[in-house]
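**Student:** Based on what follows, work out the 3D shape:
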Amino acid sequence: MKKYLLLFIITFFVMSCSKKVEVKGKITGSSPLERIEFVEASGVGTLPLINIGLDKDGNFSGNFDAPKDGMYVINYAGRQSLIYLEGGQKVNISGNGATFPNEYVITGDAKKNNDFLTASMKFLADYGGKVNLPVLMGGDEAAFLKGMHKIEADINKNVDDLAKKNNPSKGLLEWKKNDVKVTILNLLANYEMSHGPMSGNPSFKASKAFKDYETQLETDKDGMVKTIPLYRQYLLVKMTPDFQKYAEANSKGKTGITTSEMFAQYLKTKKDLSQTAKDYLLAFVMAQADIHPTTPAANIDKIKKIIDSDIKDATIKSDLLKMQVAITGLKIGEKAPEAALAKQDGKTYKLSENKGKPYMLFFYASWNPYISEATVPVLKEVVNFYKSKMNFVFVNVDDTKDQFIKTSNSLLKGIQGVNVYGEGGLNSDIAKKYGVYGFKLPCFVIIDKDGKIASRSFVNLGEQELVTILDKQTGLSAPKVDSNAQMQPQLQLDPSAMQQAPQPANPQPAPTK
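**Tutor:** Numbering: from 1, shown residues only. Sure, this is the predicted structure:
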């Protein structure tokens, strides 16, 4: 453990709101290939709300429905930062491509809240460097509790001072107060779990004063579980030993049970938890443990059933289902959705025109860095091998039709297939129906001759599973493909995972065997 530990833990505040946020700005020295995304930071299915392109001068603009007032992640050039936004705001953002979004200037409606946030972050960075946390963690309980009370008081005093100076919104101030409580709660949990081994006293048990302090900090449990993912992690850490005992006792003789299934059963025994807490905790575990690109089809159906039966909050339910489609694709065997598409000449195109012959949907955009070097060469080989037995539909999701025409004429020149455009790019009808986002471009979906989904969404043409499906649909037998061909970085869907704050232990219950 480092001698000095930064105490600031990035967490998130949310209030109910569905108004649009209008954002615009300029990133000097940026590349036209870069994009800016905004993601709700405290949600459970954290998918981008908008993906905005920049022009040659670095200018950008767009708007999106803000699900809640609170923290949002800005993604740009593989880097992330946080911004506090409220519905109905007009926000101006400026920065430099070399340092954005780690450093940027905000003007407009969001200025005072983010000035408060920036100042509090600076204080915590400085303050954290002055606290010798290992000494507190290694000391006796009385000294540790005294230190925690002082840390809490010092941070809250700074919050109050900054509130007088910057006049942040009531919602942001409430979030910040809860943020301080969650920070202290995690330090308490860390001490309780580590003090015994560190002090050579394995039988150490926290005192009543210790437990009373925890209770005092958890006066707004539902508010914290809704708005602060680190509090969800804290609760999961606290219940992990009990969950492990439950899993061991209830998994004997059972095979193929998922972590989400076992955890959903376990939560039914927890009478001390509100339904709100159960919804957020179960959703957190699902997103972390059982919703990923290689989830078996049987498990996908299991997860859908749990979402439908055990999650009561309509927004959480909807977000999880959207996340599942984005990660794993549409359900195999279901009819492929029709969507509004246009050819280069402006004529409409329907996917059902392929009925009677299997086809591949290939989603792409000109700004995706993997297209020209990694995807197109492999795509040419795939098309040339299978084109006698199946069709290929190349769906462009660039921002404008002009860019679609330029890209399809140059990038896909000479490759047999139908070139079509989804009006609105990543906000198009087809992108929404097939769960297409910037982080999973390019992607491929196979449709059978009857117009039904025949595969999950793939991001790599070199995957053997995809080749096997193509062979099955066409009756051909492709030569083996290097599994490393056209590989892309592992998808990262949960921007909240980008906050590498100190954590007391594994933030989710241990997977069952």
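
**Student:** Please name the nearest non-neighbouring residue to Lys176.
**Tutor:** Val159 (5.4 Å; C-beta to C-beta, 6 or more residues apart in numbering). Using the backbone N, CA and C atoms, a C-beta is placed for each residue, glycine as well.

**Student:** so who does the one you found touch?
**Tutor:** When contacts are counted by C-beta atoms under 8 Å, 6 or more residues apart in numbering, Val159 touches 120, 173, 176-177, 180.

**Student:** From the residues you listed, which land in helices?
**Tutor:** In helices, defined here by DSSP state H, the members of the contacts of Val159 are 120, 173, 176-177, 180.

**Student:** The contacts of Val159 into JSON lines, with extra columns for neighbour count?
**Tutor:** Output for the contacts of Val159, formatted as JSON lines (neighbours: other C-beta atoms under 10 Å):
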{"residue": "Ser120", "neighbour count": "23"}
{"residue": "Leu173", "neighbour count": "19"}
{"residue": "Lys176", "neighbour count": "23"}
{"residue": "Lys177", "neighbour count": "17"}
{"residue": "Val180", "neighbour count": "24"}
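
**Student:** between those residues, which is nearest Lys26?
**Tutor:** Minimum distance to Lys26 across these is 26.6 Å, recorded for Ser120 (C-beta to C-beta).

**Student:** Looks like that closest one contacts Trp175 (just checking).
**Tutor:** No - proximity of Ser120 to Trp175 does not meet the contact threshold set by C-beta atoms under 8 Å, at 10.8 Å.

**Student:** Could you single out the nearest of the contacts of Val159 to Asp450?
**Tutor:** Lys176 (55.6 Å).

**Student:** Which element is encountered next along the chain beyond the host helix or strand of Gly70?
**Tutor:** In this structure, Gly70 sits in strand 68-76 according to DSSP states H and E. Tracing the chain past strand 68-76, the next element assigned as helix or strand by DSSP H and E is strand 79-85.

**Student:** report the angle between the axes of that following strand and strand 68-76?
**Tutor:** 150 degrees (axes from the mean of the first three to the mean of the last three C-alpha atoms, to 10 degrees).

**Student:** Output the contacting helices and strands for the helix or strand just after strand 79-85.
**Tutor:** Per DSSP H and E, strand 79-85 leads on to strand 90-96 as the next helix or strand towards the C-terminus. For strand 90-96, the elements it packs on are strand 20-28, strand 79-85, strand 105-108, judged by 3 or more C-beta pairs under 8 Å, 6 or more residues apart in numbering; DSSP states H and E.

**Student:** what angle separates strand 90-96 from strand 68-76?
**Tutor:** Relative orientation of strand 90-96 versus strand 68-76 (the same axes, to 10 degrees): 30 degrees.

**Student:** Tell me how far Gly108 lies from Ile27.
**Tutor:** Distance, Gly108 to Ile27, by C-beta to C-beta, to the nearest Å: 16 Å.

**Student:** And those two? Which one has more around it.
**Tutor:** Each of Gly108 and Ile27 has its neighbours counted (other C-beta atoms under 10 Å); Ile27 has more, 25 against 14.

**Student:** pretty sure the more buried one contacts Tyr76?
**Tutor:** Yes - between Ile27 and Tyr76 there is a contact under C-beta under 8 Å: 7.4 Å.

**Student:** which residues are in contact with both of these two?
**Tutor:** Joint contacts of Ile27 and Tyr76 (C-beta under 8 Å, 6+ apart) are 34, 36, 100.

**Student:** Which of the residues you listed sits closest to Leu320?
**Tutor:** Of the shared contacts of Ile27 and Tyr76, the one sitting nearest to Leu320 (C-beta to C-beta) turns out to be Ile36, at 25.5 Å.

**Student:** so the spatially closest residue to that closest one that is not a sequence neighbour, which of the three states?
**Tutor:** Using C-beta to C-beta, 6+ apart and skipping the chain neighbours, the partner closest in space to Ile36 is Ile52 (4.7 Å). Look at Ile52: counting by DSSP: H, G, I helix; E, B strand; the rest coil, its state is strand.

**Student:** Let me know whether Ile52 touches Phe60 as I believe.
**Tutor:** Yes - assessed by C-beta under 8 Å, Ile52 is found in contact with Phe60 at 4.9 Å.

**Student:** hey, what's in contact with both of those two?
**Tutor:** With C-beta under 8 Å, 6+ apart as the test, Ile52 and Phe60 both reach 23, 36.

**Student:** Any chance of JSON lines for the helices and strands packed on strand 90-96, columns distance to Pro197 and mean pLDDT?
**Tutor:** Below are the helices and strands packed on strand 90-96 laid out as JSON lines (distance: least, C-beta to C-beta, whole Å; pLDDT from 0 to 100):
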{"stretch": "strand 20-28", "distance to Pro197": "47", "mean pLDDT": "97"}
{"stretch": "strand 79-85", "distance to Pro197": "34", "mean pLDDT": "94"}
{"stretch": "strand 105-108", "distance to Pro197": "45", "mean pLDDT": "95"}
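
**Student:** Any regions of this structure where pLDDT drops low?
**Tutor:** Scanning the chain with the threshold set as pLDDT under 70 gives 1-18, 480-513.

**Student:** hmm, back to that, so which of the shared contacts of Ile27 and Tyr76 is the most crowded?
**Tutor:** Most surrounded of the shared contacts of Ile27 and Tyr76: other C-beta under 10 Å gives Phe100, at 25 neighbours.

**Student:** What separation do you get for Asp399 and Asn299?
**Tutor:** To Asn299, Asp399 is 36 Å away according to C-beta to C-beta.

**Student:** residue boundaries of the helices in the stretch 401-513 of the chain?
**Tutor:** Applying DSSP state H, counting those that start in this stretch to the stretch 401-513 of the chain gives helices spanning 401-411, 429-433, 464-474.

**Student:** now swap in the stretch 251-400 of the chain and tell me
**Tutor:** Going by DSSP H, counting those that start in this stretch, the stretch 251-400 of the chain shows helices at 259-267, 275-289, 297-310, 314-328, 376-386.

**Student:** Quick one, which of the ones you listed gets closest to Lys335.
**Tutor:** Minimum separation from Lys335 across the helices of the stretch 251-400 of the chain (C-beta to C-beta) falls at helix 314-328, 14.7 Å.

**Student:** What residues sit buried inside that closest one?
**Tutor:** By 16 or more other C-beta atoms under 10 Å, the buried positions in helix 314-328 come out as 316-317, 319-321, 323-328.

**Student:** contacting residues around that helix?
**Tutor:** Contacts of helix 314-328 (C-beta under 8 Å, 6+ apart): 43-47, 67, 279-280, 283, 286-287, 291-293, 295, 300, 303-304, 307-308, 311, 434-437, 440, 456-457, 491, 493.

**Student:** Next, give phi and psi for Thr46.
**Tutor:** Torsion angles at Thr46 (phi, psi; degrees, to the nearest 10) stand at phi -80, psi 80.

**Student:** Count the neighbours of it for me.
**Tutor:** Counted by other C-beta under 10 Å, the residues lying close to Thr46 total 21.

**Student:** Assess the claim that it and Phe38 are in contact.
**Tutor:** No - here Thr46 lies out of contact with Phe38, judged by C-beta under 8 Å, at a distance of 11.0 Å.

**Student:** Next, count neighbours for the residue nearest to Leu117 when sequence neighbours are not counted.
**Tutor:** Using C-beta to C-beta, 6+ apart and skipping the chain neighbours, the partner closest in space to Leu117 is Tyr84 (5.4 Å). Number of residues near Tyr84 (other C-beta under 10 Å) recorded here: 26.
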